[in-house]
Every structure is written in structure tokens, then in C-alpha cells.
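*Asks:* take this sequence and fold it.
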Amino acid sequence: MKHGFARSALVTLCTLPLITAGTQAMAQQLTHVPFANPRMVGVTLPTALSPELQQVVRAQGSTPVENPGGGVAFYAYRDDHPNLLPAPGSNVEASKTEPDKNTYLVLEDQHGADADYDYGRRFLYQGHEGPAALGTGYITRINLDADARHRVTVIATKEADGTTNLPVFDGSTWYPWSGRLLFTQEGNGTTTGGVWQATPDFPSKAVALLGVMGRGGFEGIQADSDGNLWIVEDIGGATPTGQTNARLPNSFIFRFVPKNRRDLTQGGKMQVLQVVSKANPGQPIRFQSASALTQDIKDLHAYGNVFDTRWVTIHDTAVQGFGVFNANQLAKDAGGTPFKRPENGMFRPGTHFREFYFTETGDTNATTVAAPDHGGFGAIQKLTQSSPSADGGKLALFFKGDLEHTAFDNLAFWDADRIAAVEDRGETLHTQGNALDSGWLLDARLDYSNASNSPVRIIAQGRDPSATIDAALLGSAGFINDGDNELTGIHVSDGDPDVNGILGAKLPRPFKDGWRVFYTQQHGDNVTYEIIRQHRARSRHDDENDDDDRW
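*Replies:* Have a look, this model is predicted:
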């Protein structure tokens, strides 16, 4: 017989006072959280949200999976040690797997380990990022309509051959033309990294696409309306001699043009974005091994500069075949333009996939000599084209990071104009700035070279008890988990699996018409949250016809 399903969740409320954030229109809609949470030794802190918002736990690291096995017993803890927390006097605990980018889908007739259970229609998929020392990962599905027993399903730990372990994953997206989830591994380009496709139902059939898209430090991945895949790479560069904590730009923006959208295994063309230099007109901005402080890098991180761009093919399966290749190295050889650790990219809704925004995380160290003018604090770049398949376009800096707004990681469009971007500062920058990570709203209509315009903080991340313990153990011999919590996986979607439902095709409407917002607080307890609207009592001053479109 079919079981019913129930919802249960832990709700965390924000108790901050209502404080507005300057002159921006967005501040009238979501209230600015005035301060990031400080990083204090041995102190746990709750996450603070804009007062109009609250968050609900959808799964956490210790949530048991319904089908334990293959080294996985809990949602985000491996079963390599019986203790999920270290015993007194010990630093040994289970490895934490860091569920990363979220992908929400509304699907019919999905199955799980229990053949007699109705899993509902609403699902949140994640690949698991770490720890890299284990070398293997897996794919989970949070069954949002299910009861506690059936809440999390491990849909794959191995490739479809049944023997090859899946790698640790970072990015994910849905590719409707082939009906596959796509997962990326942030590797080194030589022996690790790449793209895997997986069917969404249980058990999932996962297949590597290494001979199609190659190896690289792939993280963000999104489809455009023509079926091309835009892949954002993150491989940290070396620090040149004498340039304190400034890392070389060493990562690229790729576009994959498939031969057959219904079957990505048939191959296609892998391309790299090339930006034309202003310092050396007509020449591409190329990888430089000698300096992280070149004029080109400075120009890329200066407001007002507009660069010509073009796409350069680095690999074509019709010519080079399906041998595994190093996409990062081929990008360098072809004169692709490197950036400072890009993490994720999104198309602006309503632009017909002609505007693409991507983050640069930067150096995540306040003492970098690349700050503020050479991208040391990160940035958000804007790429504009006449169409998603155009051969060239224009690139311009959208937002230049500073010590308060830095280390941008994942991003998502909150609505037609506002970008939700979350930080991954890391312990070093947390300590230097005495600030844990934040989530921001930025308005694509604003000019951020004007100092009167600034982002609105909607999340001031706290630190949960497990992360606080881990932060104290960080650096001790044999300890492999991370310390402070990290914001990641911000995701705004209505779950539409159709071709016309890909991210960027529709105007998002959070909390209305099926649109939902998720993010993951990595490390520590590894909690995946859904952000929902904070309901309030209506007053006599409220407009009776107000349907809360301002959200």
C-alpha cells in the first residue's frame, strides 16, 4: 500500500530589528541585516536573516538516509567512523561530505528504496563535495514531500557500470533536452575534474563526460536556451614571488556546444571565453605566470571598462575524438582569458539569455597585494551577447569586491533584477575580518561604482555547534574536516523540468506560484535550508489588495 507523507521542520526565526539600508529600492523590500556575525573562539551563533524571511531545515548532516550502504549512512556524514562528533580528548569524527549546489525539480512518478512509498513530486538534488581526501562522492535527493524515514535517498554512489566510484561533486544543474542532471567536479584538470550526467530517478545511472567536455576545475554549470552549456571553472593559481597572498588568475569560462542536445555523449565543441586587452589592443588577455598584478588584471577589475570578447574552440570531438583532455591547459594554449577563481554563473531572467553574470572569489586573504585593484577581494562580472550562441560579446565589471563584500561563491537571480550572491570567505578571512559569511542582494539596474549604492545583506551566517568544535580542531594532526560554516548552493527555482523552465527562462517570484529558495550551510552540521516568507499580522495600515508582490 502507499504511505502518506508528512512535513516536519525546525524553523529558525530572525529577531533582528527592522533597519533600512540606504537609498536603494530593494531595501524597501528586504531589510538590510546591518552586521555580519563575528567569528568568536568557542562561540556558536545563530544565523540572522532579513526580518521578512525565515528558514526551515530540509535536511541536515545527521539525517539518516533511507538506503544506507556504499559508505553512506547519513545525509552528509560518511560512515568511516561511528562518532559524528569527536569523543572528549579526541579529534576523530566521521567525514563530512558538504552537500553543494542545489537543484530543485518537480517530477512525477519518481521512485526510492521503498517500492510501496509515494515520494511525492518535489525533489532537491545535490552532489557532495568533500572531503577530497576520501576521493569518492555520491548524489542525494531530498524528497521534500516525504516523511522523516524517506526524507533523503542516496540515488548513486557509482557510475552506471556499477564499479567506478563517483567523484566528489561541486556544481549541478538540470538539462531538460536529455532529461539528465549534470554534476561537476572541481578538479585539477589533469587527473581530476569534469562533468557527469545522471538520471533523476532511483537508482540513478551516472555517466562521465570526460571525453566530451574534458577535465578542469569545473564548478558552476548552466544551460542556455539554445542548449549550450556554460561552465565556470575554479582552479586556484600560484602566488608569484614577492606578491604577498596574491594568486594568479588561473581559471576560465567555458561554453560547450553539443552535437545533439538529446544525447550529450555524442560530443560537440568545447570553447573558452577570450577577452581582448585594452593595454595591448587587438591582443587577448592571456594567462601570465610572472605576475598577478598586470595592467590587464587591473583593467578587468575597474568600473567603466567594456571589453570585446570572443569564443575560441579548444576541442571538437568531430576532429579530436573522445580522448580525455585537459580543458584548463587547452584554454591557456588557445589564449583564453583567466579569471580569479570564478565559482558560479547565471543568466539574467528576461534577457533571452543575452546577459550572463559570474562570480570571482578572489584571494580570500585580507593581506593580498591584489586588493583592492587587481581582484583580490573578488568580483561579479557581466557578459553580454546578442544571443547565447553568438561568437562574441562584451564584458564589464558589475561589482568590485571589498573587505565587507568579498569571496563571492554561488549566485542566483532572486527576481528579474536582483542577484542573490553568497560568500565563501574561509577561516583565514573570517579571522582577519572578524566576520563570518554573508548572503547579499545586488541590483542589476544599479551602478555600483557610485558609492551611495551598496548590496543588501539578507543572510548573516552564524556557526553551529559542530562547526565550532571543528574550528577548534582545525590544523590538529589527522583532522580532515573543515571548520567554520560556509554559505553555498543559493538556488531560486519553481522546479519546472521543461525546456522552457531552465534557469533564466522565467522571471522568478520567490514564495509565489511554486517558486522556492534554498541554500546549504556547509561544514559542521551540514544543513540544507529552505528560505520562506516570514508571515506577520496585518495592520489596519496594510493595503487590503496587497498580494505581497514586493517580495
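
*Asks:* dihedrals phi and psi, A318?
*Replies:* A318 adopts backbone torsions of phi -70, psi -20, taken as degrees, to the nearest 10.

*Asks:* check what pLDDT it gets.
*Replies:* Each residue has a pLDDT score; the one for A318 is 98.

*Asks:* tell me which residues touch it, please.
*Replies:* Applying C-beta atoms under 8 Å, 6 or more residues apart in numbering, we find A318 in contact with K259, G267. In short, each C-beta sits where N, CA and C put it, glycine included.

*Asks:* against D147, how distant is E233?
*Replies:* E233 sits 40 Å away from D147, going by C-beta to C-beta, to the nearest Å.

*Asks:* between those two, which is the more surrounded one?
*Replies:* Taking neighbours as other C-beta atoms under 10 Å, E233 and D147 compare with E233 leading, 29 against 15.

*Asks:* hang on, Q432 in a strand?
*Replies:* No. Applying DSSP: H, G, I helix; E, B strand; the rest coil, one finds Q432 to be helix, outside a strand.

*Asks:* excluding sequence neighbours, find me the nearest residue to it.
*Replies:* Excluding its sequence neighbours, the residue lying closest to Q432 (C-beta to C-beta, 6 or more residues apart in numbering) is A366, at 4.0 Å.

*Asks:* next, count neighbours for the one you found.
*Replies:* Neighbour count of A366, defined by other C-beta under 10 Å: 17.

*Asks:* return the residues in contact with the most centrally placed residue in the chain.
*Replies:* Closest residue to the average C-alpha location of the chain: N410 at 3.4 Å, with C-alpha atoms, centre = their mean. When contacts are counted by C-beta under 8 Å, 6+ apart, N410 touches 101, 220, 343-344, 359, 421-422, 487-491, 519.

*Asks:* is it correct that it falls within a strand?
*Replies:* Yes. N410: assigned to a strand according to three-state DSSP.

*Asks:* any idea of the pLDDT on it?
*Replies:* pLDDT, read off for N410, is 96.

*Asks:* quick one: which of the contacts of N410 is nearest G211?
*Replies:* G220 (21.5 Å; C-beta to C-beta).

*Asks:* wait, doesn't the closest one sit right on F358?
*Replies:* Yes. Judged on C-beta atoms under 8 Å, G220 makes contact with F358 at a distance of 7.0 Å.

*Asks:* which neighbours do the two share?
*Replies:* Jointly contacting G220 and F358 under the rule C-beta under 8 Å, 6+ apart are V232, P342, E343, N344, G345.

*Asks:* for the first one, grab the count of nearby residues.
*Replies:* I take that to be V232. By other C-beta under 10 Å, 27 other residues sit near V232.

*Asks:* for it, which non-adjacent residue is closest in space?
*Replies:* In space, and not counting its chain neighbours, V232 is closest to G220: 3.5 Å by C-beta to C-beta, 6+ apart.

*Asks:* what's the mean pLDDT across stretch 276-283?
*Replies:* Averaged across stretch 276-283, pLDDT comes to 97.

*Asks:* same question for stretch 55-67.
*Replies:* 97.

*Asks:* may I have the distance across it, first residue to last?
*Replies:* Stretch 55-67 has an end-to-end distance of 27 Å (C-alpha to C-alpha, to the nearest Å).

*Asks:* low-confidence stretches in the stretch 51-200 of the chain?
*Replies:* Low-confidence segments of the stretch 51-200 of the chain, defined by pLDDT under 70: 132.

*Asks:* just give me the longest strand of the protein.
*Replies:* The single longest strand within the chain, with elements called by DSSP state E, is strand 306-316.

*Asks:* any residues touching that strand, and which ones?
*Replies:* 214, 255, 268-278, 285, 299-300, 325, 327, 330-331, 333-336, 383, 391-396.

*Asks:* now list the buried members of those residues.
*Replies:* Buried by 16 or more other C-beta atoms under 10 Å: 214, 255, 268-278, 285, 299-300, 325, 327, 330-331, 334-336, 383, 393, 395, out of the contacts of strand 306-316.

*Asks:* rewinding a little: and the shared contacts of G220 and F358, which two are the farthest apart?
*Replies:* Longest span within the shared contacts of G220 and F358, C-beta to C-beta: E343 and G345, 8.4 Å.

*Asks:* which of the two has more neighbours?
*Replies:* Higher neighbour count among E343 and G345: E343, with 28 against 23, using other C-beta under 10 Å.

*Asks:* which residue ranges of the stretch 351-500 of the chain form helices?
*Replies:* Taking DSSP state H, counting those that start in this stretch as the criterion, the stretch 351-500 of the chain carries its helices at 426-433, 465-473.

*Asks:* of the shared contacts of G220 and F358, closest to I469?
*Replies:* Among the shared contacts of G220 and F358, and counting by C-beta to C-beta, the member closest to I469 is E343, at 27.1 Å.

*Asks:* my read: that closest one touches G362, true?
*Replies:* No. Look at E343 against G362 with C-beta under 8 Å: they stay out of range, at 10.2 Å.

*Asks:* what do the two both touch?
*Replies:* F408.

*Asks:* restricted to strands, list the buried ones among the contacts of strand 306-316.
*Replies:* Short answer: the buried ones among the contacts of strand 306-316 in strands (DSSP E) are R255, G268, K269, M270, Q271, V272, L273, Q274, V275, L383, G393, L395.

*Asks:* quick check: closest non-adjacent residue to the first one.
*Replies:* With C-beta to C-beta, 6+ apart as the measure, Q271 is the residue that lies nearest to R255, at 4.6 Å, once sequence neighbours are left out.

*Asks:* beta-bridge partners for the one you found, please?
*Replies:* Beta bridges link Q271 to R255, T313, judged by DSSP bridges.

*Asks:* give the contact list for it.
*Replies:* Contact analysis of Q271 by C-beta under 8 Å, 6+ apart lists F254, R255, F256, V257, W311, V312, T313, I314.

*Asks:* and what of Q197?
*Replies:* Per C-beta under 8 Å, 6+ apart, neighbours of Q197: Y175, S178, R180, L181, L182, F183, A206, V207, L209, L264, T265.

*Asks:* so of those, which ones are in strands?
*Replies:* Counting by DSSP E, the contacts of Q197 contribute Y175, R180, L181, L182, F183, A206, V207 to strands.

*Asks:* the fifth one contacts G194, correct?
*Replies:* No. Checked against C-beta under 8 Å, the pair F183 and G194 is beyond contact range at 9.4 Å.

*Asks:* pick out whichever of these two has more residues nearby.
*Replies:* Using other C-beta under 10 Å as the criterion, F183 and G194 rank with F183 on top: 31 against 23.

*Asks:* gap between the two ends of stretch 280-299?
*Replies:* 11 Å.
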